[in-house]
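Trainee: just the structure for this:
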Amino acid sequence: IPEKLIEKAARYVFDSKTSIGQLEGSPIDLVHTNSLSRINQDWPGVAQKGQYLLSSYFLNKIFVFDPKAERITWSFGEGTLDGPHSPEKLPNGSLLIFDNGRNRRYSRVLEIDPINYKTKWSYSGKNHFLPFSFRRSSAQRLENGNTLILSGESGEIIEVTNDRNIVWRFHYNPGTPKRKSLAKKAGKLYRVRKLEPDTLVKLGIPYPTTK
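Mentor: I've put the predicted structure just below:
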């Protein structure tokens, strides 16, 4: 995205009559945009092909930005999200979000209806196993309907069913690095994605099969 459009989007946010809440970032990182993805097909009632889906950690919001109109056309999160990451448009039209909960002190994953803003599904560390992660982290809806969740600060990865049962779990632990300066970052992950077999084939990556 051209720099001038990013600047214009920022001015739109700060000049908006809609409250964006208390800015908690430093002067050099006020909004902390942690995710940006291009929308590749029309999203009825939410966005059009060619627009962009963004996540702001310090504004506690998810945005849709239109580069042609040079403005934000849709947003969600005020009063609901608390330091979000990894927004993802689902095939059913919903929006999947990892909501870190940096002030709430527990993390959760939300599936939101972007038309009426209601929660269709959730998985919360308040009621289920999900280590709190005040930053980083991701969520991915898999082809089998399960959800792959990363708690970035702990390096804990789980796959849960729609009924919130854990069917797979992995803890990333690379050990203690030799450099002390890296010790605090050891075991932390930013994002995790599962690649389906057909994707691996397209990438030319060998995939084990059973006969």
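
Trainee: helix or strand right after the helix or strand containing A139?
Mentor: Here A139, judged by DSSP states H and E, is contained in strand 138-141. Along the chain past strand 138-141, the next helix or strand (assigned with DSSP H and E) turns out to be strand 147-151.

Trainee: in its sheet, what does that following strand sit against?
Mentor: Take DSSP bridges as the rule and strand 147-151 pairs in its sheet with strand 138-141 (antiparallel), strand 156-160 (antiparallel).

Trainee: highest average neighbour count across those strands?
Mentor: Highest mean neighbour count of those: strand 138-141, a mean of 22 (counted as mean count of other C-beta atoms under 10 Å). C-beta: built from backbone N, CA, C; applies to glycine.

Trainee: what average pLDDT does it get?
Mentor: In this model, strand 138-141 has an average pLDDT of 98.

Trainee: S107: neighbouring residues, count only.
Mentor: Other residues within reach of S107, judged by other C-beta atoms under 10 Å, total 29.

Trainee: surely it is in contact with H85?
Mentor: No. Between S107 and H85 there is no contact under C-beta atoms under 8 Å: 9.6 Å.

Trainee: what touches both of those two?
Mentor: F98, N100, S137 (C-beta atoms under 8 Å, 6 or more residues apart in numbering).

Trainee: may I have the strand holding A139 exported as PDB, CA atoms only?
Mentor: Extracted C-alpha coordinates of strand 138-141, given in PDB (Å, rounded to 0.1, in the frame of the first residue of the first chain):
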ATOM      1  CA  SER A 138      -2.800 -16.500  16.000                       C
ATOM      2  CA  ALA A 139      -5.900 -18.600  15.100                       C
ATOM      3  CA  GLN A 140      -6.700 -20.500  11.900                       C
ATOM      4  CA  ARG A 141      -9.900 -22.400  10.900                       C
END
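
Trainee: which parts of this structure are strands?
Mentor: In the chain, the strands defined using DSSP state E lie at 33-38, 52-56, 61-66, 71-76, 84-89, 95-99, 108-112, 119-124, 138-141, 147-151, 156-160, 166-171.

Trainee: contacts for stretch 199-210, please.
Mentor: Applying C-beta under 8 Å, 6+ apart, the contact partners of stretch 199-210 are L195, P197.

Trainee: chain center to that stretch, what's the gap?
Mentor: When C-alpha coordinates are averaged (C-alpha atoms, centre = their mean, to the nearest Å), stretch 199-210 and its chain have centres 26 Å apart.

Trainee: export it as PDB, just CAs?
Mentor: Extracted C-alpha coordinates of stretch 199-210, given in PDB (Å, rounded to 0.1, in the frame of the first residue of the first chain):
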ATOM      1  CA  THR A 199      -1.000 -26.800  -0.500                       C
ATOM      2  CA  LEU A 200       2.100 -28.800   0.100                       C
ATOM      3  CA  VAL A 201       1.800 -30.400  -3.300                       C
ATOM      4  CA  LYS A 202       1.500 -27.000  -5.000                       C
ATOM      5  CA  LEU A 203       4.700 -25.900  -3.100                       C
ATOM      6  CA  GLY A 204       6.500 -29.000  -4.200                       C
ATOM      7  CA  ILE A 205       7.000 -30.100  -0.600                       C
ATOM      8  CA  PRO A 206       7.000 -33.900   0.000                       C
ATOM      9  CA  TYR A 207       4.000 -35.100   2.000                       C
ATOM     10  CA  PRO A 208       4.000 -38.500   3.600                       C
ATOM     11  CA  THR A 209       1.100 -40.700   2.500                       C
ATOM     12  CA  THR A 210      -0.200 -44.100   3.600                       C
END
